[in-house]
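*Asks:* Quick one, structure for this:
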Amino acid sequence: MDQRPTTENQQLAGQIEALLFALGRPLSRAELQKHLDADVGQINESIERLRRRDGGITVVDDGKMLELRTGSDAAVLIERVRREENSREIGRAGLEALTAVLYRGPLTRSEIDFIRGVNSSQTLRTLTMRGLVRRVQNPKDERSYLYEPTTDLLGTLGVASAKDLPDWENVREKLQKLEDAYRSRAEEQQ
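*Replies:* Okay, the predicted model is just below:
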């Protein structure tokens, strides 16, 4: 049984919630133990404390992994807002990012930023939420992700593969030349 005072238990629960939020991915109890230097009993008690709390965010526990999700009380609100978000056009920023992913992808966010010349974080989040691109682990660097088109996007465009897009090879080649020229200029200026 946990011998820590209640305030320490509340602190541990807050730290678990903060880690789940900040990392934005599911975590195992073992990962939590490692990061928080706590035993499994303390972790379980803190998770239970988080689950009993009322609020818009809840901890989902499948027995192996823990993740933050919106609470059931907020489900109607979240669904309405998502529908509104998805009904808006993706705009020029979305089209630019989709074009980069389709013709040059899969790409990291920084590569998409380089191609577009601006930060693409919010745009990629929107495209991911709409199911147009997906984020996959980068095999060359486990600390980063790649963005690639989804089958839903390809189906909507009426192609079986990005290679079936109009002038795919030609556009891809031109984009590569532009990127190379920009990189050369940037290196010369340094």
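*Asks:* ok, residues contacting the helix or strand of the chain at the bottom of the mean pLDDT ranking?
*Replies:* Between all helices and strands in the chain, the lowest mean by mean pLDDT, DSSP states H and E belongs to helix 75-87, at a mean of 80. Residues from elsewhere that reach helix 75-87, judged by Cβ atoms under 8 Å, 6 or more residues apart in numbering: Thr70, Thr126, Met129, Arg130. To be clear about C-beta, it is placed using only N, CA and C from the backbone, and glycine gets the same treatment.
*Asks:* same thing with stretch 46-61?
*Replies:* 9-10, 12-13, 16-17, 20, 38, 66-74.
*Asks:* 6 Å - rerun?
*Replies:* Leu12, Ala13, Ile16, Glu17, Leu66, Glu67, Leu68, Arg69, Gly71, Ala74 (Cβ atoms under 6 Å, 6 or more residues apart in numbering).
*Asks:* Please, which helix or strand holds the second one?
*Replies:* The secondary structure element spanning Ala13 is helix 6-23 (assigned by DSSP states H and E).
*Asks:* For the next helix or strand after that helix, name the packing helices and strands.
*Replies:* With elements assigned by DSSP H and E, the helix or strand that comes after helix 6-23 is strand 27-28. Based on contacts counted as 3 or more Cβ pairs under 6 Å, 6 or more residues apart in numbering; DSSP states H and E, there is no element that strand 27-28 packs against.
*Asks:* for strand 27-28, the distance to its chain's centre please.
*Replies:* Centre-to-centre, strand 27-28 and its host chain are 17 Å apart (Cα atoms, centre = their mean, to the nearest Å).
*Asks:* Report the mean confidence score over that strand.
*Replies:* Strand 27-28 comes out with an average pLDDT of 90.
*Asks:* Quick check: buried residues in the helix or strand following it?
*Replies:* Per DSSP H and E, the first helix or strand lying C-terminal to strand 27-28 is helix 29-36. Neighbour counts over helix 29-36 (16 or more other Cβ atoms under 10 Å) mark Arg29, Glu31, Leu32, Leu36 as buried.
*Asks:* Closest one to Ile90 out of those residues, please.
*Replies:* Glu31 (34.9 Å; Cβ to Cβ).
*Asks:* dump the residue contacts of that closest one.
*Replies:* Contacts of Glu31 by Cβ under 6 Å, 6+ apart: none found.
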